[in-house]
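>>> just coords:
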């Protein structure tokens, strides 16, 4: 796969996934939309690993790794699908942009990674200020969006914890095998959750965006985007890949505004802006510091 094309694919998929989640729940129960997405992705994934002759292991470290990954694929996504009913899709992208930052903090305690430098803690403080702006306004006005934001924060924490624990497990599985194994195990969990929360036989309205959004997320969000991401991660510096986290929320907010009539209030823009500034300092503060030292000398 051509590297620039893969990078552009990651940006487009990550930017459109929150909007896809919101649209897929327009006429379907959100958890059912997630279940259908994962079921389609599981079938396609199993066919793909079989065609590529990639082994799927169902015991030992591989199975433990799937279990930890379910925190991100099942638990975090379930909360995200539910939150998408009240939270703008662009804001979902912004909050998920915090996951590398949360993962770094968790890895410091769970994987004994080196202590974070001062500029990264400053970045966390800036991002936390952005969260206070977002949550403080909704808390003051009693917004129905507040519960959705809380669910998203829990989702981001679970998604980040999942990534750290998968790394700690170190099952040495092929990335595609890791994804397919996790997706396969997530399907019955999504179905059980939908049955407990709703359980009503769905009526697919192909004139609505929901079925098409499910298909898009299954093919592009769950497979193509994942393969492209790992291809880019293998060939490009981590700092270049990290730019995706800064680029996609901007596109996601614009797409939600244009295609789903999502309101970009001053509070959302201010809070999101502070979070993105925090992410920029987190990823590139060390480079800026080095440039400053060279300029001073």
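Structure received. Please read these numbers as outputs of a predicted model, since none were measured by experiment.
>>> got the contact list for residue 224?
The contact partners of residue 224, taken as CB atoms under 8 Å, 6 or more residues apart in numbering, are 9, 13. For the C-beta atoms, the positions are set from N, CA and C on the backbone; glycine is no exception.
>>> any idea how far residue 96 is from it?
When distance is defined by CB to CB, to the nearest Å, residue 224 is 18 Å away from residue 96.
>>> equivalent analysis for residue 247, please.
Distance of residue 247 to residue 96, computed by CB to CB: 13 Å.
>>> so between these two, which is more surrounded?
A direct count of neighbours by other CB atoms under 10 Å for residue 247 and residue 96 places residue 96 higher, at 23 against 17.
>>> and stretch 40-54, how far out from the chain middle?
The offset between the C-alpha centroid of stretch 40-54 and the centroid of the whole chain comes to 22 Å, using CA atoms, centre = their mean, to the nearest Å.
>>> oops, could you answer that again for stretch 264-279 instead?
Its chain's average C-alpha position is 18 Å from that of stretch 264-279, according to CA atoms, centre = their mean.
>>> tell me where the model's unsure across the chain.
When residues are selected by pLDDT under 70, those of the chain lie in 1, 138-142, 230-231, 233-234, 237-242, 288-297.
>>> please enumerate the strands of it.
Secondary structure of the chain (DSSP state E): no strands located.
>>> next, the contact list for the residue nearest in space to the middle of it, please.
Nearest to the geometric centre of the chain sits residue 96, at 5.2 Å (CA atoms, centre = their mean). For residue 96, the residues meeting the contact criterion (CB under 8 Å, 6+ apart) are 18, 80, 152, 155-156, 159.
>>> now tabulate those in TSV and tack on distance to residue 258 and neighbour count.
Output for the contacts of residue 96, formatted as TSV (distance: CB to CB, whole Å; neighbours: other CB atoms under 10 Å):
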residue	distance to residue 258	neighbour count
18	13	29
80	21	27
152	22	25
155	25	25
156	25	23
159	27	22
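>>> ok, residue 100 - contacts?
The contact partners of residue 100, by CB under 8 Å, 6+ apart, come to 160, 242, 245, 279, 282-283.
>>> the closest residue in space to residue 274 that isn't next to it in sequence: neighbour count?
The shortest distance from residue 274 to any residue that is not its chain neighbour, by CB to CB, 6 or more residues apart in numbering, is 3.1 Å, and that residue is residue 130. Other residues within reach of residue 130 by the criterion other CB under 10 Å amount to 23.
>>> roughly how far does residue 130 sit from residue 270?
Counting by CB to CB, the gap from residue 130 to residue 270 is 8 Å.
>>> and for residue 98?
16 Å.
>>> neighbour count winner among the two?
Using other CB under 10 Å as the criterion, residue 98 and residue 270 rank with residue 98 on top: 25 against 15.
>>> any idea how far the more buried one is from residue 21?
17 Å.
>>> now the helices for the stretch 1-150 of the chain?
When secondary structure is read from DSSP state H, counting those that start in this stretch, the stretch 1-150 of the chain shows helices at 3-24, 30-52, 60-70, 77-83, 89-96, 99-110, 118-141, 145-169.
>>> again, but for the stretch 151-297 of the chain
175-197, 209-216, 225-235, 238-259, 266-296.
>>> out of the ones you listed, flag the one nearest residue 135.
With CB to CB as the measure, helix 266-296 is the member of the helices of the stretch 151-297 of the chain nearest residue 135 (8.2 Å).
>>> out of the helices of the stretch 1-150 of the chain, nearest to residue 213?
helix 3-24 (3.8 Å).
>>> and the angle for that closest one with helix 30-52?
Using axes from the mean of the first three to the mean of the last three CA atoms, to 10 degrees, one finds that helix 3-24 and helix 30-52 are set 150 degrees apart in direction.
>>> tell me which residues in helix 3-24 are buried?
By neighbour count, with 16 or more other CB atoms under 10 Å as the criterion, the buried positions of helix 3-24 are 6-7, 9-24.
>>> same check on stretch 206-219?
Under the neighbour-count rule (16+ other CB under 10 Å), stretch 206-219 has 209-211, 213-214, 216-218 buried.
>>> what's the most distant pair in these?
209 and 218 (14.4 Å).
>>> returning to that earlier point: deepest-packed of the helices of the stretch 1-150 of the chain, please.
The highest mean neighbour count among the helices of the stretch 1-150 of the chain belongs to helix 89-96 (a mean of 26), with neighbours defined as mean count of other CB atoms under 10 Å.
>>> so how far is that helix off the chain centroid?
Taking the mean C-alpha point of helix 89-96 and that of its whole chain, the gap between them comes to 9 Å (CA atoms, centre = their mean).
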